[in-house]
Every structure is written in structure tokens, then in C-alpha cells.
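Chemist: got a predicted model here, sequence first, then my questions.
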Amino acid sequence: MFSFCLDPASLEGLPWLSCYLTTGKHMAMYWAVGTVLLLLAITAPVALLFGFGGASAARSHIAPLRWIGKTYIAIVRGIPDIAFFLFFVIALDQLFEYIRHRIKCSDWSDAVWQGSDFVVCSAAKLPLGNAPQWVHETYGFFLAALTFAIVFGAFAGNVLFGAMQAVPRGQLETAEAYGMSRRQTFWRVLVPQMWVYALPGLSNLWMVLIKATPLLFLLGVEDIVYWARELGGSKQPQFTDYPHPDWRMWYFLALLVFYLCFTKLSEVVLDRIMARLTHGQATAAGEAQRKAAA
């Protein structure tokens, strides 16, 4: 990046370090921080949407919907995250390719599953073999984000289901006594009040989601953990023009500081949201606010 970085062998001290930290590989690591933040920005609302749907289905009066909701929450929560991530990314990829295969290659006569191999026509491949590299990376990130949302949506569904159950039954009965339909009671009484009970569990789930982002590394996405391992290790000249000893400890220490700062910021924001939600509510937190203001 700097003009004096043309000859790394002639550098030492601070100039060497400034050139080292601004190489293309390090720029990719800095961009990877954005990848992690983008994953969180996409996964959190989508997982909350999955969780709300699962929780609503789990308390439905329609038996098939109730079975689907409870099964989704129970199965995903009962499988280790790593096993589910590694399985579901492959399963989603094959599902999308199978759907495209049925649409684009309807005249295909061979079986799709040939022993342990999954074989579809070339037009059904995702992404296509001649697609640019950024398309491959975007598709891999999309699969990872969707898998994260499905997994954490099940945990969010369990939290939201418990929060719905925590809303006093008397308030729902009062709404029904005033002539509200079941749908009106759900949207106007139950949903607005459940967030007070759900936020502590959702806050913990957000922290777990932040700590789970390094799993991107296992899913083939070049995240900050990948670059910390690669850049921190002792590398050959073909990887970097700035060879150095094994510095992985320092790179992972930087990741530790990053995650600690991010979780601390999250705690501050979540505490303010909780204070706003509980203001005037008949809950322990709301009562504490009332006494503090008295």
C-alpha cells in the first residue's frame, strides 16, 4: 500500500510492520470482519422469524401445525451445532440442485443418487462451473447464513414459546371477554407483551450466535478465524513476502479482544432495550424501575 513497501527485504521495525499489516492478505482479513458482521445482521432477524413461526405453530390449536412447530424446535435443538452445520449445508446444496435438476433436465434418465454419489446435470449445478469466483463465495455464504438461521431459529422458537406461555392467561381471557377474536388477541395482547419475557433468553441467544460465528471457518467461508490461522502461522514466500515466526497466538488474542468488545457493546444495547420494554410493565424489572423513580 505504501510506496516504500516495494522491497520488503530492505525494511525493518515500524516500516516493516506497517507494510506487513497492509498487504492484500491482511486487507482480506479486515474485510472478513465485515463478513462476520453481515452474517449476524442477516441471521439474527431471519432466525427470529423462523423462531416466531416455530413458536406460533407449536402453540397452534391445529394439530398438524403444532406437531411441525414442536418437531422443528425439538430436532434442531437436540443435534450438536457442528454436526448440524456440516450436514445441513450439504443437504441444502443438494436440495437446491435437485430442484433445478428436475426443472432444467427433465429428460435426464439416470438416477440422481448413484451409490454414495449425488449426480445432477451440469445446468443444475449451483453455482455454475463457469461462474465468477465471487458468485461461488456468495453462494457459500448464503448457505451458511441460512443454516445459521435455521439452527438458531429453533432456539429462538423455544425462547418465544416459553415467553408466550408466560403472558398471564387472565389478560388473554379479558381480551376474549371484550369480544376480540383469537387472532386479535394474539397480535394485540400476546405478541406485544411476550417480548418482555423473551428478551433475556434472546439476549443470551444473541451472545451464543456471536460466539458461533467462527463456525463459518468450518463451512468453507474465509472468515477472520481462517485468516488469523493463515496469517499468524509461519508461511512460505508464496503466501506472503513478509515471513515471520509463528504469531498465531497474537492473532487469536486480537480475535479474543474483538469478540469481548463486541459482546460488551451488545450487553449495553440489550440492557437499554430491556429497560425500555419493561418500563411500566408489571414485571420484576418494571417494579424495580418504579421503585428507583419513587
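Modeler: Perfect, I can see it now.

Chemist: just say helix, strand or coil for the closest residue to Ser60 other than its chain neighbours.
Modeler: Excluding the flanking residues, the one nearest Ser60 by Cβ to Cβ, 6 or more residues apart in numbering is Arg66, at 4.8 Å. Every residue, glycine included, has its C-beta placed from N, CA and C. At Arg66, secondary structure determined by DSSP: H, G, I helix; E, B strand; the rest coil is helix.

Chemist: swap in Leu128?
Modeler: For Leu128, the assignment made with three-state DSSP gives coil.

Chemist: OK, contacts around it?
Modeler: Under the criterion of Cβ atoms under 8 Å, 6 or more residues apart in numbering, the contact list for Leu128 reads 122, 135.

Chemist: at 10 Å instead, please
Modeler: By Cβ atoms under 10 Å, 6 or more residues apart in numbering, the contact list for Leu128 reads 122, 135-136.

Chemist: so which of those residues wins on neighbours?
Modeler: If you count neighbours using other Cβ atoms under 10 Å, the busiest of the contacts of Leu128 is His136, which has 15 neighbours.

Chemist: and that one, what pLDDT?
Modeler: Predicted confidence (pLDDT) for His136: 78.

Chemist: chain neighbours aside, what residue packs nearest to it?
Modeler: Once its chain neighbours are removed from consideration, His136 has its nearest residue in Pro127; the separation is 5.5 Å (Cβ to Cβ, 6+ apart).

Chemist: go ahead and confirm the one you found touches Val135.
Modeler: Yes. With contact taken as Cβ atoms under 10 Å, Pro127 and Val135 are classed as touching, separated by 4.7 Å.

Chemist: gap between whatever helix or strand Phe141 lives in and the chain center?
Modeler: When elements are defined using DSSP states H and E, Phe141 is found to belong to helix 133-166. With Cα atoms, centre = their mean, to the nearest Å as the basis, the distance from the averaged C-alpha position of helix 133-166 to the chain average is 6 Å.

Chemist: counting by contacts, list what it packs against.
Modeler: The contact analysis (3 or more Cβ pairs under 10 Å, 6 or more residues apart in numbering; DSSP states H and E) places helix 133-166 against helix 24-58, helix 63-77, helix 81-104, helix 191-212.

Chemist: and the second one, what other elements does it pack with?
Modeler: The elements that helix 63-77 packs onto, with contact taken as 3+ Cβ pairs under 10 Å, 6+ apart, are helix 24-58, helix 81-104, helix 133-166.

Chemist: tell me the mean pLDDT for the first one?
Modeler: Taken as a whole, helix 24-58 has a mean pLDDT of 90.

Chemist: how about it: buried residues?
Modeler: Under the neighbour-count criterion of 16 or more other Cβ atoms under 10 Å, helix 24-58 has 25-26, 28-29, 32, 35-36, 39-40, 42-44, 46-48, 50-58 buried.

Chemist: which parts of whatever helix or strand comes next after the helix holding Phe141 are buried?
Modeler: Tracing the chain past helix 133-166, the next element assigned as helix or strand by DSSP H and E is helix 169-177. Of the residues in helix 169-177, those with enough neighbours to count as buried (16+ other Cβ under 10 Å) are 172, 175.

Chemist: the helix holding Phe141 vs helix 63-77, what angle?
Modeler: What separates the directions of helix 133-166 and helix 63-77 is an angle of 120 degrees, with axes from the mean of the first three to the mean of the last three Cα atoms, to 10 degrees.

Chemist: list the buried ones in helix 133-166?
Modeler: Buried residues in helix 133-166, counted by 16+ other Cβ under 10 Å: 140-141, 143-161, 163-164.

Chemist: residues near the residue lying closest to Ala123 once chain neighbours are set aside, how many?
Modeler: Closest residue to Ala123 in three dimensions, ignoring its sequence neighbours and counting by Cβ to Cβ, 6+ apart: Lys104, at 4.6 Å. Other residues within reach of Lys104, judged by other Cβ under 10 Å, total 14.
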